[in-house]
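[1] The following comprises the amino acid sequence and a computationally predicted model.
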Amino acid sequence: MNGGHHECVTESTGAGKPADVDTVLFEPGPIEVLERWQNFGGTWRVVARAQGWVTLSLCRCDGGEELQRLTSTKPELLEWLGERTSNEQ
């Protein structure tokens, strides 16, 4: 898991003021997204990779149809993936 770290998205209240603490939304990081995808039976595979970024295809549980793509430059995701090209490795 990602050690409980999340990317934080805030809603603006206008005039450059941050939203109230109650309106701060936490989104899962890319590792959490992939782990959740796998836990629900989905598959993923690397479709593009270069120095400092990766794009993954998130597919149905039967390994078929692509449902979503995830592109990230997060160093922790790149390290977590290592040289793997899919969750089947």
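    Yep, that arrived.
[2] contacts, neighbours, all on C-alpha from now
    OK.
[3] Mind pulling up the pLDDT for L81?
    pLDDT, L81: 95.
[4] Just give me the neighbour total for it.
    15 (other Cα atoms under 10 Å).
[5] same check, this time on V47
    V47, neighbours per other Cα under 10 Å, totals 15.
[6] which residues sit against the helix or strand containing it?
    Assessed by DSSP states H and E, V47 sits inside strand 43-50. For strand 43-50, contacts defined as Cα atoms under 8 Å, 6 or more residues apart in numbering pick out 34, 37-38, 54-63, 85-88.
[7] again, 7 Å this time
    54-61, 63, 85-87 (Cα atoms under 7 Å, 6 or more residues apart in numbering).
[8] most neighbours, which of those residues?
    Busiest of the contacts of strand 43-50 [other Cα under 10 Å] is L58, holding 25 neighbours.
[9] Neighbours of the residue lying closest to that residue once chain neighbours are set aside, how many?
    Distances taken as Cα to Cα, 6 or more residues apart in numbering place W44 nearest to L58, at 4.5 Å, with adjacent residues excluded. Residues lying near W44 (other Cα under 10 Å) number 23.
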